[in-house]
Structure formats: C-alpha cells, structure tokens
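Participant: Kindly generate the corresponding structure for this input.
(one chain, ligands or ions: 1)
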Amino acid sequence: MPIYEFKCSKCGDLFEVMGSYAERQKEHACPKCGSTDVKQAISLFSAAPPKSF
Ligand SMILES: [Zn+2]
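Facilitator: You can find the predicted model right below:
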C-alpha cells in the first residue's frame with residue numbers, strides 16, 4: 001500500500017496518508033490545524049530505495 005506524504009502550508013506539519021491512488025486525489029486536511037491547504041511531498045516509495053528486489 002503506497003504512502004503519500006503531505007505538508008501543510010499553514011503550519012508546516014508533515015503527515016502521511018496511506019491508501020490508493022484515489023485516496024491521494026482526495027482533499028486532505030492537516031491533522032494538526034485542520035487546514036486543507038496542503039501540498040503533497042515526495043512519497044516514501046520513491047524516496048526510499050527498494051528493499052526486496
Ligand atoms: Zn497544519
């Protein structure tokens with residue numbers, strides 16, 4: 001299951017959303033301040049080197 005990382009533009013909080021591609025397209029609210037002004041950061045999948053190949 002892919003994990004998407006989002007960064008809140010308001011308070012700068014980083015949070016992760018686990019889910020499908022459809023989940024990623026949804027609007028996510030910052031768990032800290034509740035703002036929906038969030039930007040997707042680099043996903044953990046592309047940031048981390050593959051472990052099992
Ligand atoms: Zn926030």
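Participant: Close to the ion: what parts of the protein are there?
Facilitator: 8, 10-11, 13, 30, 32-33, 35 (CB under 5 Å from the ion). For every residue, glycine as well, the C-beta is placed using N, CA and C.
Participant: Filter these down to just the buried residues.
Facilitator: Using 16 or more other CB atoms under 10 Å as the burial test, these include 8, 30 as buried.
Participant: so which strand or helix has Ala22?
Facilitator: In this structure, Ala22 is located in helix 21-25 according to DSSP states H and E.
Participant: that older thread, just the ones of the residues of the chain next to the ion in strands?
Facilitator: Cys8 (DSSP state E).
Participant: which stretches of this protein have low pLDDT?
Facilitator: 42-53 (pLDDT under 70).
Participant: show me where it has helices.
Facilitator: With helices called from DSSP state H, the chain shows them at 21-25, 44-47.
Participant: Asp37 - nearest residue in space that isn't next to it in sequence?
Facilitator: Ser9 (4.4 Å; CB to CB, 6 or more residues apart in numbering).
Participant: repeat for Glu27
Facilitator: Nearest non-adjacent residue to Glu27 (CB to CB, 6+ apart): Thr36, at 5.3 Å.
Participant: and what of Ala41?
Facilitator: Ala41 sits nearest to Glu5 (CB to CB, 6+ apart), 4.2 Å away.
Participant: same check, this time on Phe6
Facilitator: Val38 (4.5 Å).
Participant: you'd agree that neighbour is up against Ser9?
Facilitator: Yes: the criterion here is CB atoms under 8 Å, and Val38 meets it with Ser9 at 6.5 Å.
Participant: more crowded one of these two?
Facilitator: More neighbours surround Val38 than the other of Val38 and Ser9, with 19 against 13 (other CB atoms under 10 Å).
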